[in-house]
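Enquirer: sequence isn't available, so here's the structure alone:
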């Protein structure tokens, strides 16, 4: 059979392996939820949107309108090709 030293070594390796597994499980659980504990209060749950000047809103709406008009123009001219007709 095995010697006493061999048996002790097997027990120690098993204990070390179990300790490593337990450590991995603990750290995995601990790091699994690093998000906020609460979601904040107020209208946007703590987020304050930046102030956007009116001219930037108007320019954005202008570019968005141009993009949609271009999209509809391309659909009108290439819509059949786009859907495989």
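Expert: Good, I have the coordinates. Nothing here was measured: the structure is a model prediction, and the numbers come from that model.

Enquirer: use CA for all of it now, contacts and neighbours both
Expert: Will do.

Enquirer: what comes up buried for stretch 48-56?
Expert: Using 16 or more other CA atoms under 10 Å as the test for burial, stretch 48-56 gives no buried residues.

Enquirer: pull the distance from that stretch to the chain's centre.
Expert: On the basis of CA atoms, centre = their mean, to the nearest Å, stretch 48-56 sits 27 Å off its chain's mean C-alpha point.

Enquirer: how many other residues sit next to residue 75?
Expert: Neighbourhood size, residue 75 [other CA atoms under 10 Å]: 14.

Enquirer: which residues touch it?
Expert: Taking CA atoms under 8 Å, 6 or more residues apart in numbering, we find residue 75 in contact with residue 82.

Enquirer: so for it, what's the pLDDT?
Expert: pLDDT, residue 75: 88.

Enquirer: helix, strand or coil for it?
Expert: Of the three states, residue 75 takes helix under DSSP: H, G, I helix; E, B strand; the rest coil.

Enquirer: look up how far residue 68 lies from it.
Expert: 10 Å (CA to CA, to the nearest Å).

Enquirer: where exactly do the helices run in the chain?
Expert: Using DSSP state H, the helices assigned to the chain run over residues 4-31, 54-82.

Enquirer: mean pLDDT lowest where, among these?
Expert: Among the helices of the chain, helix 4-31 scores lowest, with a mean of 67.

Enquirer: will you turn the helices of the chain into CSV that also has distance to residue 43?
Expert: Formatted as CSV, those follow (distance: least, CA to CA, whole Å):
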stretch, distance to residue 43
helix 4-31, 29
helix 54-82, 21
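
Enquirer: out of these, the one nearest residue 41 is which?
Expert: Residue 41 sits nearest to helix 4-31 of all these, at 24.9 Å, using CA to CA.

Enquirer: distance of residue 53 from residue 59?
Expert: Distance from residue 53 to residue 59, by CA to CA: 10 Å.

Enquirer: equivalent analysis for residue 9, please.
Expert: The value you get for residue 9 to residue 59, if CA to CA is used, is 75 Å.

Enquirer: quick revisit: out of the helices of the chain, flag the one nearest residue 40.
Expert: The nearest among those, by CA to CA, is helix 4-31 at 21.2 Å.
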